[in-house]
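Peer 1: okay, here's the prediction I keep looking at, along with the sequence it came from:
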Amino acid sequence: MDIDEIKVAVVRIEGTNCEEETVKAFKECGVFAECVHLKQFYSDMIRDNEQRSFNDYNCIVFPGGFSAGDYIRAGAIFSARLKSVLKKDLEDFIKNGYPVLGICNGFQVLVELGALPGFDEDKPISDKPMMALTINNSSKFECRPCFLKHENKGKCIFTWKLGKKEVVMFPVAHAEGKVTFPMEKEQEYVETLRSNDQIVFRYVDRDGNYSGYPWNPNGSIYNIAGICNVLGNVMGMMPHPERAFWYPYTQGRVIFESVIEYMKRL
């Protein structure tokens, strides 16, 4: 696929933010990107020239923010609306190898939706959530640059251009970012993520060592900051690469360049 054929949709609803920064990052990398309201994919009250389909795009992004005010749980309402009307469309999109990215609140949406951890390649969206992103151990909103070690060996299409064990610095800004699995399955799920090469980023200190608070800002198990599904084309991460795209933190560009490189090969 030529770069001028690539189209990216950054999906928003009330309460999302950073969608414009995410669109701008993709455009800066030379591809078409636009903000699309969720209703444009299904509502019959949308004008014809504003109606959209997942088939119109090669990449779907769920941005950060506080969708629907994070009522009930972070990302729960956004994911429920997605699941009720667009589950089949999104499943087909993922099965066809197209990339889906969730950043911060978008990660929460993908978890609530059942698209992550995504252990089953034949059923990319599970019937119910298999993990949760819960309240930070500090019980505070954590907003600061964080160091992340790239753990993936090549499966995740969003980090193709990052070296193994390379450390980057992206900012976090969340109150509910603690990666949590069912207590009786914690070690099983961590080991499955490891053996499937689904762990993408882990929180580290400035020297690259796995450390607790404040380096791990939320208390995530195994210092997990980002994971992908078993196919490698769905990724969720709490840190914000779009906020690290321009000076002085420019390392976020690699996420966008990596997925564009993947789409050029489709």
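Peer 2: Nice, I can see it.
Peer 1: you'd agree V8 is up against E28?
Peer 2: No. V8 is beyond contact range of E28, at 12.0 Å (criterion: Cβ atoms under 8 Å). (Glycine included, C-beta is placed from N, CA and C.)
Peer 1: who has more neighbours, the two?
Peer 2: The neighbour comparison of V8 against E28 (other Cβ atoms under 10 Å) goes to V8, with 26 against 13.
Peer 1: ok, now which ones touch that one?
Peer 2: Neighbouring residues of V8 by Cβ atoms under 8 Å, 6 or more residues apart in numbering: 23, 26, 31-34, 57-61.
Peer 1: one more pass at 10 Å, please.
Peer 2: Residues near V8 by Cβ atoms under 10 Å, 6 or more residues apart in numbering: 22-23, 25-27, 29, 31-34, 36, 57-61, 99, 101, 256, 259-260, 263.
Peer 1: ok, now M263?
Peer 2: M263 touches 1, 3, 5-8, 31, 58-59, 97-99, 157, counting by Cβ under 10 Å, 6+ apart.
Peer 1: so how far is L101 from it?
Peer 2: Computed as Cβ to Cβ, to the nearest Å, the M263 to L101 distance reads 12 Å.
Peer 1: any common contacting residues for these two?
Peer 2: The contact sets of M263 and L101 overlap at 8, 59, 157 (Cβ under 10 Å, 6+ apart).
Peer 1: grab the nearest non-local neighbour of the first one.
Peer 2: When you say that, I think you mean V8. Leaving aside its sequence neighbours, V8 sits nearest to A33 (Cβ to Cβ, 6 or more residues apart in numbering; 4.0 Å).
Peer 1: so how far is the helix or strand that that neighbour is a member of off the chain centroid?
Peer 2: Here A33, judged by DSSP states H and E, is contained in strand 32-37. In this view, strand 32-37 has its centroid 16 Å away from the chain centroid, taken as Cα atoms, centre = their mean, to the nearest Å.
Peer 1: partners of that strand, with directions?
Peer 2: As defined by DSSP bridges, the strand partners of strand 32-37 come to strand 7-12 (parallel).
Peer 1: poorly predicted segments of the stretch 1-150 of the chain, please.
Peer 2: Regions of the stretch 1-150 of the chain meeting the criterion pLDDT under 70 are absent.
Peer 1: quick check: buried residues in stretch 209-222?
Peer 2: By neighbour count on 16 or more other Cβ atoms under 10 Å, the buried set for stretch 209-222 is 215-220, 222.
Peer 1: hmm, which of the contacts of M263 are the buried ones?
Peer 2: For those, a burial check counting by 16+ other Cβ under 10 Å picks out 6, 8, 31, 58-59, 98-99, 157.
Peer 1: which residue ranges form the helices in this protein?
Peer 2: For the chain, helices defined by DSSP state H occupy the ranges 19-28, 76-95, 105-113, 186-195, 253-264.
Peer 1: so what angle separates the directions of the third one and strand 7-12?
Peer 2: Read it as helix 105-113. Orientation of helix 105-113 against strand 7-12 (axes from the mean of the first three to the mean of the last three Cα atoms, to 10 degrees) gives an angle of 80 degrees.
Peer 1: for the residue nearest the centre of the chain, name its beta-bridge partners.
Peer 2: Ranked by distance to the mean C-alpha position of the chain (Cα atoms, centre = their mean), the top residue is G102 at 2.2 Å. On the basis of DSSP bridges, G102 is bridged to F62, G236.
Peer 1: ok, it touching P239?
Peer 2: No. Using Cβ atoms under 10 Å, G102 is not in contact with P239, being 11.9 Å away.
Peer 1: what is in contact with the two at once?
Peer 2: Contacts common to G102 and P239, judged by Cβ under 10 Å, 6+ apart, are 64, 226.
Peer 1: that older thread, got the helices of the chain as a markdown table, with distance to N136 columns?
Peer 2: Listed next are the helices of the chain as a markdown table, based on distance: least, Cβ to Cβ, whole Å:
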| stretch | distance to N136 |
| --- | --- |
| helix 19-28 | 23 |
| helix 76-95 | 17 |
| helix 105-113 | 13 |
| helix 186-195 | 18 |
| helix 253-264 | 23 |
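Peer 1: winner for burial among the ones you listed?
Peer 2: Neighbour counts (mean count of other Cβ atoms under 10 Å) averaged over each of those peak at helix 105-113, with a mean of 28.
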